[in-house]
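1. Quick one: sequence and predicted model below, then my questions.
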Amino acid sequence: MTLSESLAQRKSSRLLQSFRAVGLIVDENPVITYRMGNETFLLASIKKAFVIYNCAKLTPVMVSPQLACKKISAMEVYSRKNLTFTASGRVIFVWKRLHQVTVLKGHKGDIQQLLVVGTLLFSLDDANDIQMWDIDTLECIEELEFDKSFTPSVMMHPATYLNKILVGSHEGTLELWNVRIKKRIFTFTGWNHQSICCITQSPAVDVVAIALADGRVMIHNLQYDQLLMEFKQESKATAIAFQTDTTASIPIMVTGSANGDIAVWNLQRQRLESILPKAHDSCIVSLLFLPNEPLLISSGTDNALKVWIFDRQGQARLLKSRQGHKAPPKRIRYYGNNTLASMRDGADGTCCQILSAGQDRSFRVFHTVREQQSQELSQGPLLKKAKQLHVPVEELKLSPITQFAAMETRERDWNNLVTCHESEIAAYVWRFEHRAIGKKILRQYDASHHVHASSQEHHWRLQTQATSCTISSCGHFAIIGSLGGALFKYNMQSSERRGSYPTAVTPKPTLSASLAKITSTQEPQEDNSFIHQHQGAVTGVAVDATNNIVMSAGMDGKLKFWDFCKHLFIDQIDLAIPISQLELHRDSNLIAVASDDHILRLYDASTRKLVRRFRGHTHCIKDLSFSNDARWLLSCSADASLRFWDIPTGKCIDWVQFQQPVTGLTISPTSEFIATTHVGQLGIYLWANRTFFADVFVDSEPNTPTLLDLPAPTQEAEDASKILEIVDLPLLESADVIPNEASLLVSKSLLDTSPLGSNLITLSTAPKALWQTLFHLELIKKRNKPIEPPKAPEKAPFFLPSIRKDASSAAFVSATAPAASKKSSKSTSMEGWASNSDKDESAWAGMNGDVVDQETTNGQQDTGSTSRILKSTKLISSRCKLAVLLEDPAYDAHKVLDYLQALSASSVDVELSTLCLGDFDEDGKKLLFKFLEFLQEELATHQHFQLLQVYLNRFLKLYEQIFIHDEALLKQVIHIGMLQQEQWSHLQQQLQHTLCLVKYLNKIQM
């Protein structure tokens, strides 16, 4: 199969790999707490996956793979076996940590609730059936059948009630079932025609709290079927919890409501103690008190998880929380690493921060690695104002953001963010360092001066409504595009007006500013300067990297160029079609504009000429983004597609399709990740760029899109070791994307290191540092030489005994020291040379062809005058393993080379140095001759060229004196030199031929 055929049959994206989701905390299913060891964990679902949080810090520690079927509808945990049960549709998935064990099937309807009692699992579906499963065998045991007049809505297990469950119904009645005998043993009176929403066990045995659909909460005694207390709230109670902290002065029950309030009830006085208004922005789905702690965990459908702490009097305050967008985000941009200032300070070296503007009126920053650093940018003391005015906080927030711009050049000095909002005339500035909104507002009039709604002044004010924005690369100025078609410039530090484009739009009093230097750059213009103004709303504005040119695009279909300092009109390009998006890549000065004809056009800002035109989208284009090197242009459309355009070739290199249209996209400054937002999705989805991690080959444009599913969140931990302790997950989640077979085929071909021809020189794949270090070994040793000589050991204190007479070192002699001393005194050999047994020495020497003196072997003393050092067989055993391989009868040059490649540079030097001990070592000279033969044999193969050169260089340096005095060795060295010269001459000839051709083709005189 050819590469083209492989790519044509691809089933995955060429460039995108599913990575993770950011900003998803919890969905509408109730959360579950459980303990393992000394830690308390919280289980929450996020659509088709579940996540486990550590309650101490609310950090995710485990995230499951995504299910291929419906969303998770119910969950339960069996902590003894570390099992997690998740219901999706009519089936139950059983997980062992994050590995799916099996699937339980048998329900006729969608499962609504799961309940673990002992070693039994109960599942309730919307077909009014409850099935009972044995957790040990994971098989269905029984099925509970109910009367047609009883529709189960909720079930729970009363404490200390063995083999019994309590089932509530939509009709308002309760039934107690013995699951062992499969019989209903009691029917409670109940409350007719009031659906039971929730049942919770109280700290007292036999007492439960029952929530009804009409807002009443009943404290009921099951043993006597007696109502003990009754509480009433405006909306129905969706969750109930009892405090079990023994240090509390009053018994407390809390209830959650559909409008997001948490009510705190005093059970002792049977009255409402306090209310936490708008604890969540939408319905509360679960409330859980941690055992014996004054901590309450709450979750809601607003994508928020909060922990509240109670004092002894029952007053609560927010302790910590983890929140995301409550409504889908519309516009996202990576923040950081765009200037040298951020690189110098190092705070944003990893480029992991994403600014996100959502439809929930919030402006957030998400950290893609450490979600603890994700937070909402403050809009001021809105909570205090909301309490004073008795209105929700959301009503006091600014309207949703339509566009924003950021520049971190002067983030330490003043405001560095600017935003435009729906139906807001003014633009607002923010300071990223403080994560808060600024005190000044960018607008063209004095808000304290009120005008009549029908006046011309009021009409002019409406025309100055901010529709687009940008910040200059220096961070000093903001350019705001308006609804009327004009551009206004502001100073970011003072928020003062600094003119307009064209100048005639700005009233004369504004032009006579206090800064004469700025006003002097604005040349007086006549009234006809109005003709250069956009005849419609400005949809995009940008400033080049040198603050020379301002570019603006409008609904009138014109792309205009202005002088940044003089505010003069320079040129325009008329597309005759409304422009919806404008994106500038400042380094390359390329402008991308998207128009209503679904075509992308690329212009050079310097020459103002059309560079590329990209066609392919079938619906309006929602967002654009350049890669860091300006090689790619990414575009997303309302047709749910995302396309990658290669600018040099002018082709589409990848085309992916999602189930939900992409509303915003951004690519990281390192081009490592691509982030997207989608219609109806609360999270930001990260995709890894395959080209950043592997070689990707694209030879044709895709004819059909690749359908991708959205990724699930991934866990985070304090350090890498904890991640390995939690679960072994790959860096890139690939459950929903099949690997690119064509890329794998190409990668395998690239890993093949066999030479293309026998006459070609092939370099080794060994690390460059290995052979470079060996080549400069003397220089490295000289550099690593200690500056000061070693110091003498300090003298021991006078009260410690010492073996040495000078008492310079202390001696701690063991009980076996005398025996050891006695043994050593009988020995006549030197320490370190005759420590091995005679049998081992004889065997080792025999293997190397040496003959051991029989008298020495038999234990007799040598009476000759020869030195014991030279006579000892330990001298022979000092040979290295390289010598053994060279002397091996089954000698193989490839084994010798593989052994040398496995060693470090210093180890290779030791191996070569111990081949021969000097001119007197005849056996060592034989090893030198064998090593020269090894080099000659390997050089003839033309492989591992640079590595063999380094070995030869080191070998000649070590034994050059021996080669000079030995004719046989010198002859062999000369022969290798001739072989070297022959190979180099051939290579030099080929290089010279190539250089001549290059110079000739470039018309360079020889």
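-> Perfect, I can see it now.

2. mind listing what's buried in the lengthiest helix in the chain?
-> For the chain, the helix with the greatest residue count under DSSP state H is helix 967-1001. By 16 or more other C-beta atoms under 10 Å, the buried positions in helix 967-1001 come out as 969, 972-973, 976, 980. Just so you know, the C-beta spots here come from the backbone N, C-alpha and C atoms, and that holds for glycine as well.

3. Tell me how far that helix lies from the chain's centre.
-> Chain-centre distance of helix 967-1001: 51 Å, with C-alpha atoms, centre = their mean, to the nearest Å.

4. so what's the backbone phi/psi at the closest residue to Thr255 other than its chain neighbours?
-> In space, and not counting its chain neighbours, Thr255 is closest to Ala237: 4.3 Å by C-beta to C-beta, 6 or more residues apart in numbering. Main-chain dihedrals, Ala237, degrees, to the nearest 10: phi -80, psi 120.

5. I'd like to know how far Ala237 sits from Asp225.
-> Distance, Ala237 to Asp225, using C-beta to C-beta, to the nearest Å: 21 Å.

6. Likewise for Cys880?
-> Remark: distance between Cys880 and Asp225 (C-beta to C-beta) = 90 Å.

7. can you check Leu708 too?
-> According to C-beta to C-beta, Leu708 and Asp225 sit 56 Å apart.

8. neighbour-wise, which of the two wins?
-> Each of Leu708 and Asp225 has its neighbours counted (other C-beta atoms under 10 Å); Leu708 has more, 21 against 14.

9. Pretty sure the more buried one sits against Gln660.
-> No: the criterion here is C-beta atoms under 8 Å, and Leu708 misses it with Gln660 at 11.0 Å.

10. give me every residue that touches the residue lying closest to Val393 once chain neighbours are set aside.
-> Excluding its sequence neighbours, the residue lying closest to Val393 (C-beta to C-beta, 6+ apart) is Ala386, at 4.5 Å. Counting by C-beta atoms under 8 Å, 6 or more residues apart in numbering, Ala386 touches 278, 392-393, 395-396.

11. Out of the residues you listed, list just those in helices.
-> Those of those lying in helices (DSSP H): 393, 395-396.

12. Okay, the closest residue to Ser286 other than its chain neighbours and Val254: tell me how far apart.
-> Closest residue in space to Ser286, ignoring its immediate chain neighbours: Pro30 at 3.7 Å, by C-beta to C-beta, 6+ apart. In this view, Pro30 and Val254 are 14 Å apart by C-beta to C-beta.

13. Those two - which one has more neighbours?
-> For Pro30 versus Val254, neighbours defined as other C-beta under 10 Å are more numerous around Val254 (28 against 20).

14. Please identify the helix or strand for that one.
-> Secondary structure assignment for Val254, by DSSP states H and E: strand 252-257.

15. How about the closest residue to Leu120 other than its chain neighbours: which residues does it bridge to?
-> Excluding the flanking residues, the one nearest Leu120 by C-beta to C-beta, 6+ apart is Met132, at 5.8 Å. Here Met132 sits in beta bridges with Phe122, Glu142, as judged by DSSP bridges.

16. Return the residues in contact with Met132.
-> If you count contacts by C-beta under 8 Å, 6+ apart, Met132 has them with 120-122, 140-144, 179.

17. Can you say which of the residues you listed are buried?
-> Using 16+ other C-beta under 10 Å, the buried ones in the contacts of Met132 are 120-122, 140, 142, 144, 179.

18. Among those residues, which one sits closest to Asp654?
-> Within the buried ones among the contacts of Met132, the smallest distance to Asp654 is 44.8 Å, found for Leu121 (C-beta to C-beta).

19. Would you agree the closest one is in contact with Leu114?
-> Yes: the criterion here is C-beta under 8 Å, and Leu121 meets it with Leu114 at 6.7 Å.

20. Next, work out how far apart the closest residue to Leu43 other than its chain neighbours and Tyr53 are.
-> Leaving aside its chain neighbours, Leu43 sits nearest to Ile32 (4.4 Å; criterion: C-beta to C-beta, 6+ apart). Going from Ile32 to Tyr53 by C-beta to C-beta gives 11 Å.

21. out of those two, which sits in the more crowded spot?
-> Per other C-beta under 10 Å, whichever of Ile32 and Tyr53 has more neighbours is Tyr53, with 24 against 20.

22. Let's verify the residue nearest to the spatial centre of the chain: helix, strand, or coil?
-> Nearest residue to the geometric centre of the chain (C-alpha atoms, centre = their mean): Val369, 4.7 Å. What DSSP: H, G, I helix; E, B strand; the rest coil gives for Val369 is coil.

23. pretty sure it is touching Cys352, no?
-> Yes: counting by C-beta under 8 Å, Val369 sits close enough to Cys352 to count as a contact (4.8 Å).

24. Now do the domain split for this protein, please.
-> Residue ranges for each domain of the chain read 1-18+587-721, 25-145, 758-777+843-849+869-1006, as given by automatic domain parsing.
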